[in-house]
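A.B. asks: have a look at this prediction, sequence included:
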Amino acid sequence: MAKIIVLSDIHGNLPALEAAWRDLSSRPVDALFCLGDLAAFGPFPDECIRFVRDEMRPTVCLLGNTDRYLLEPPGEPATERPEDIQDAIDWARNQLSADSLDWLRERPGEERITLDGVDIELVHAAPGDDERGIGPESTGSDLDELFGQHGPGVTFCGHTHVPFRARRGQRIIINVGAIGLPFDGDFRAAYARAKCVDGQLVHYEPRRVAYPMSRTIESLEERDVPMRARTERRLRFAER
């Protein structure tokens, strides 16, 4: 049997990450997977990267789309973005140490691993596309396009900040939601526990953990984080 933890989308929210860590580290696991988007938009970008790297030490940590933005040369975004979003990306980049940037550069965009006979695919958003969301709005045609050629196993994803579960043939697709910026109406940090036994996913448990949001919101103001009014609204109401 393999016990696993999967989390995603921390977005610089250290209080949420610390609370989730206290909960998820209370029981032993065989593998811990982080699906990316560690730093941007919250007040603690470098602290979150260092906490994941040094304290959590995940089995696999992916590069999310906003992590990828942080690695772009300053003033040279790969794609055009709204000014407030780009300002937030630039601010977060400026908070990162050279070590944190180097560590991000080493993260894979996707990963595949086998645990107790289960083929586990790890992506930030969708296979081959770190900006294509998978969630309740995904149609059957969308899922067929993405997973129609997949064999048995499990695909874990994040990016949309909304927990979701579906099946296509013998492939189970699970969006684990967001640690730091949920968009499903529940402000608590979201992550998932799962168990694999003899080639089957036999247990899946979505988890929610309350955290001191006031610390995050106060730090948005204290650190003069760009886009902070929008981020505060998202935190309070857990909506996009």
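C.D. replies: Looks like it arrived, so ask away.

A.B. asks: okay, now the unreliable bits of the chain?
C.D. replies: Within the chain, no stretch falls below the threshold (pLDDT under 70).

A.B. asks: now do the phi/psi pair for the residue of the chain positioned farthest from its centre.
C.D. replies: Here the centre of the chain is the reference, and by Cα atoms, centre = their mean the most remote residue is D198, at 27.4 Å. Backbone geometry at D198, expressed as degrees, to the nearest 10, gives phi 50, psi 50.

A.B. asks: please apply the same query to T231.
C.D. replies: Dihedral pair for T231: phi -60, psi -40, per degrees, to the nearest 10.

A.B. asks: before we move on, the earlier item: how near is the residue farthest from the centre of the chain to A2?
C.D. replies: In this structure, D198 and A2 are 10 Å apart, going by Cβ to Cβ, to the nearest Å. Every residue, glycine included, has its C-beta placed from N, CA and C.

A.B. asks: now G169
C.D. replies: Taking Cβ to Cβ as the criterion, G169 is separated from A2 by 22 Å.

A.B. asks: these two: which is more packed in?
C.D. replies: Neighbour totals were compared for G169 and A2, and A2 leads with 18 against 13 (other Cβ atoms under 10 Å).

A.B. asks: need the contact list for that one.
C.D. replies: By Cβ atoms under 8 Å, 6 or more residues apart in numbering, the contact list for A2 reads D30, A31, L115, D116, V118, K195, C196, V197.

A.B. asks: apart from its chain neighbours, what residue comes closest to the first one?
C.D. replies: Spelled out, it's D30. For D30, the nearest residue in space outside its immediate sequence neighbours is A2; the separation is 4.6 Å by Cβ to Cβ, 6 or more residues apart in numbering.

A.B. asks: next one: phi and psi at that neighbour?
C.D. replies: Note on A2: backbone dihedrals following degrees, to the nearest 10 are phi -120, psi 120.

A.B. asks: ok, the one 3 residues further on next?
C.D. replies: According to degrees, to the nearest 10, the main-chain angles of I5 amount to phi -120, psi 140.

A.B. asks: and after the longest helix anywhere in the chain, which helix or strand comes next?
C.D. replies: Across the chain, the longest stretch assigned as helix under DSSP state H is helix 83-95. Following the chain from helix 83-95 toward its C-terminal end, the next helix or strand by DSSP states H and E is helix 98-105.
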